[in-house]
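Sequence first, then the predicted structure, then my questions.
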Amino acid sequence: MRTAHSVETVRAAERALMAELPEGALMQRAAAGLAAACADLLPRVYGARVVLLVGSGDNGGDALYAGARLARRGAGVTAVLLAPERTHEGGLRALRSAGAQAVPVDGAAPVVARADLVMDGIVGIGGKGGLRPDAARLVSLVRESGALVVAVDLPSGVEADTGEVLGDAVRADATVTFGTYKPGLLIDPALTYAGAVRLVDIGLSLPPAPDLEALQYADVAALLPEPGASSDKYRRGVVGIAAGSATYPGAAVLAVAGALRGGAGAVRYVGPAADEVLARFPEVLVHAGPPSAAGRVQAWVVGPGIGDDAARVADVLAQDVPVLVDADGLRLADPSVLRGRTAPTVLTPHAGEAAALLGVSRESVESGRLSAVRRLAAEFSATVLLKGSTTLVAPAGGGPVRVNPTGSAWLATAGSGDVLSGLCGALLSAGLGGVDAASVGAYLHGLAGRRAASGAPASASDVAGALPAVWRDVRG
Ligand SMILES: NC(=O)C1=CN([C@@H]2O[C@H](COP(=O)(O)OP(=O)(O)OC[C@H]3O[C@@H](n4cnc5c(N)ncnc54)[C@H](OP(=O)(O)O)[C@@H]3O)[C@@H](O)[C@H]2O)[C@@H](O)CC1
Ligand SMILES: [K+]
């Protein structure tokens, strides 16, 4: 599991550790890791032209000490000081005694233009609001230069705790972060500014529950349901799909396609697209009448392509088994019924649907995805999967939010969400909890999207078709 902690948590851990260590020791650990990462990125350190962008805080201090280390290895290092009177004193002394020079911000243009590598030490976790004008001007100089950009702790201009980007921010090729990931390094839009992230261990002891976590291959493999020798179809889980309409039969077919690849023992379908479903998947059990009369089901998926059939949604929500609500179902579900359910509920909105549920603009959801997903989970007492290029999953009762690391732009294709809802529903029916079902589903779905596309457009059917291979890869 990859984990991220909030600024407040990092600060507390730093204070505790600093109390035990000699003055400056923590910054030396950070600077050593930073210098080593820069050295790895440069073809050679000796003779390389390195420019440090140095703000007035300790983030600038890290850059100065790391720059001093590179200067001692023969790099030509120049520090651009944003606030010469408030620059980290020890860092500046170390830089000068290593033979490097410092210039004020007015002198930045020619040195940045010739740089091989720019180290961004403008601000780290102490940054507040968008970058100030001087810093923003430096960022545009960096953008125009062809230099490699390494962000110190996080790219300046991104919000560490939320992943928001308020105005200009540094676009880094790599970010060297200290102690733990910061939430912004795992969430878009900030994530897209960070480049490849390298974590430097500085010895912090952090609380076991992070603010954010990302499943890795091995975590997913451990969570995948596996049939035992005594499993019959009921023990493996029966998933019910209440989806599709005369206008949108395809949504039903795609949700069923996802469900069949999700490890359930059987899939029941209820709705007007039974002929289309059976024509594609003869193994599905189809039922006329309301979902509640369909027989034993361990988890339901309701909503994809369901049109205005509020009665089908209400019937599903009244059943005391896990229910995943997607698409039209999110619009049709009665919020008080959602809140009153005792069995797990999973909601899977995209940003527009999330905005409608919260009564805010789509833009505010897009720019503050982490707070939006947490608010939805709290307001509807449900696990919420917020779709996007980094899909987020928030637990109903608060706690770490899971961020999906396998997203792919290829998944932004019609019907791909229907496949995801069926897949997550099947995982719920196989006994996974809401957060595990949603995050494992998103992980597999992302990998399947990449595999199906592998560089060319893929359809939602292709994504569903790639799921078995992805499942085998993860398990293998
Ligand atoms: N603590 C530790 O043990 C360790 C900490 N470490 C390092 O310290 C970093 C945190 O350092 P920090 O707390 O000094 O804050 P930092 O990120 O440098 O920024 C504050 C300065 O920036 C300024 N500023 C603020 N907003 C701004 C904006 N929008 N645009 C422009 N400027 C802005 C603000 O100015 P002011 O508001 O005071 O005028 C203030 O002077 C952390 O990320 C890690 O790199 C590592 O060495 C490991 C050990
Ligand atoms: K920075």
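Nice, I can see it. Residues are numbered from 1 along each chain as shown. Ligands and ions are numbered 1, 2, ... in the order given.

Just confirm residue 52 contacts residue 121, I think it does.
Yes. Between residue 52 and residue 121 there is a contact at 5.9 Å, judged by C-beta atoms under 8 Å. All C-beta atoms are positioned from the backbone trio N, CA, C, and that covers glycine.

where do the contact lists of those two overlap?
Common neighbours of residue 52 and residue 121 (criterion: C-beta atoms under 8 Å, 6 or more residues apart in numbering): 60, 63, 64.

Could you find the closest non-adjacent residue to the second one?
Think residue 63. residue 121 (2.8 Å; C-beta to C-beta, 6 or more residues apart in numbering).

got the contact list for the one you found?
52, 53, 54, 55, 59, 60, 61, 62, 63, 64, 152.

Name only those of those residues that count as buried.
For those, a burial check counting by 16 or more other C-beta atoms under 10 Å picks out 52, 53, 54, 55, 59, 60, 61, 62, 63, 64, 152.

Which of the three states applies to the closest residue to residue 28 other than its chain neighbours?
Leaving aside its chain neighbours, residue 28 sits nearest to residue 65 (6.6 Å; criterion: C-beta to C-beta, 6+ apart). Here residue 65 takes the helix state, with states given by DSSP: H, G, I helix; E, B strand; the rest coil.

how near is residue 65 to residue 18?
16 Å (C-beta to C-beta, to the nearest Å).

next one: residue 324
As defined by C-beta to C-beta, residue 324 lies at a distance of 46 Å from residue 18.

surely residue 84 meets residue 106?
No. With contacts counted by C-beta under 8 Å, residue 84 stays clear of residue 106, the gap being 10.7 Å.

Stretch 307-326 - what's its average pLDDT?
Stretch 307-326 carries an average pLDDT of 98.

ditto for stretch 145-164
96.

Give me the contact status of it with ligand 2.
Yes. Using C-beta under 5 Å from the ion, stretch 145-164 reaches ligand 2 at 151, 152, 156.

residues near the spatially closest residue to the last one that is not a sequence neighbour, how many?
Leaving aside its chain neighbours, residue 156 sits nearest to residue 122 (3.8 Å; criterion: C-beta to C-beta, 6+ apart). With neighbours defined by other C-beta atoms under 10 Å, the count for residue 122 comes to 32.

Ignoring the adjacent residues along the chain, who's closest to the residue of the stretch 201-350 of the chain found nearest ligand 2?
Nearest residue of the stretch 201-350 of the chain to ligand 2, counting by C-beta to the ion: residue 202, 15.8 Å away. With sequence-adjacent residues excluded and distances taken as C-beta to C-beta, 6+ apart, residue 202 is closest to residue 29, at 4.3 Å.

Now do the contacts for the closest residue to ligand 1 within the stretch 301-450 of the chain.
Residue of the stretch 301-450 of the chain nearest ligand 1, by C-beta to the nearest ligand atom: residue 367 (16.5 Å). Contact analysis of residue 367 by C-beta under 8 Å, 6+ apart lists 164, 165, 189.

Including secondary structure and distance to residue 288, could the residues of stretch 145-164 next to ligand 2 go into CSV?
Converted to CSV, the residues of stretch 145-164 next to ligand 2 look like this (DSSP: H, G, I helix; E, B strand; the rest coil; distance: C-beta to C-beta, whole Å):
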residue, secondary structure, distance to residue 288
151, strand, 59
152, strand, 63
156, coil, 61
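
Now tabulate those in a markdown table and tack on distance to residue 208.
Shown next, in a markdown table, are those (distance: C-beta to C-beta, whole Å):
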| residue | distance to residue 208 |
| --- | --- |
| 151 | 27 |
| 152 | 27 |
| 156 | 30 |
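
Can you tell me which of the residues you listed lies closest to ligand 1?
Out of those, the member with the shortest distance to ligand 1 (by C-beta to the nearest ligand atom) is residue 152, at 5.3 Å.

Bridged to that closest one, which residues?
residue 176 (DSSP bridges).

and the closest residue to residue 418 other than its chain neighbours, how far is that from residue 447?
Spatial nearest neighbour of residue 418, excluding adjacent residues (C-beta to C-beta, 6+ apart): residue 254 at 3.8 Å. Per C-beta to C-beta, residue 254 is found 18 Å from residue 447.

swap in residue 193?
From residue 193 to residue 447 the distance is 24 Å (C-beta to C-beta).

Kindly report the same for residue 147.
Counting by C-beta to C-beta, the gap from residue 147 to residue 447 is 34 Å.

More neighbours: residue 84 and residue 106, which one.
Shown here are residue 84 and residue 106; by other C-beta under 10 Å, residue 84 has more neighbours (13 against 8).

Quick check: that one vs ligand 1, distance?
13 Å (C-beta to the nearest ligand atom, to the nearest Å).

ok, so what distance separates that residue from residue 270?
71 Å.

where along the stretch 351-476 of the chain do the strands fall?
Assigned by DSSP state E, counting those that start in this stretch, the strands in the stretch 351-476 of the chain fall at 383-386, 392-394, 401-403.

Just send these back as JSON lines, with mean neighbour count too.
JSON lines is the format used below for these (neighbours: other C-beta atoms under 10 Å):
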{"stretch": "strand 383-386", "mean neighbour count": "29"}
{"stretch": "strand 392-394", "mean neighbour count": "28"}
{"stretch": "strand 401-403", "mean neighbour count": "28"}
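
what about the protein, any weak spots by pLDDT?
229-231 (pLDDT under 70).

any idea how it splits into domains?
2-213, 217-475 (automatic domain parsing).

Would you mind naming what in the stretch 1-150 of the chain lies close to ligand 2?
Checking the stretch 1-150 of the chain against ligand 2 by C-beta under 5 Å from the ion, the hits are 120, 124.

how about the helices in the stretch 1-150 of the chain?
Shown for the stretch 1-150 of the chain, the helices assigned by DSSP state H, counting those that start in this stretch span residues 7-18, 25-41, 58-72, 89-97, 108-113, 133-144.

Please identify the deepest-packed of these.
Most buried of the helices of the stretch 1-150 of the chain, by mean neighbour count (mean count of other C-beta atoms under 10 Å): helix 58-72, with a mean of 27.

Quick check on the closest residue to residue 242 other than its chain neighbours: phi, psi?
Nearest residue to residue 242 in three dimensions, chain neighbours excluded: residue 302, at 4.4 Å (C-beta to C-beta, 6+ apart). According to degrees, to the nearest 10, the main-chain angles of residue 302 amount to phi -130, psi 140.

In contact with whichever residue of the stretch 151-300 of the chain sits closest to ligand 1, which residues?
The nearest approach of the stretch 151-300 of the chain to ligand 1 comes at residue 153, 3.6 Å away (C-beta to the nearest ligand atom). The neighbours of residue 153, taking C-beta under 8 Å, 6+ apart as the test, are 30, 59, 62, 124, 125, 175, 176, 177, 178, 182.
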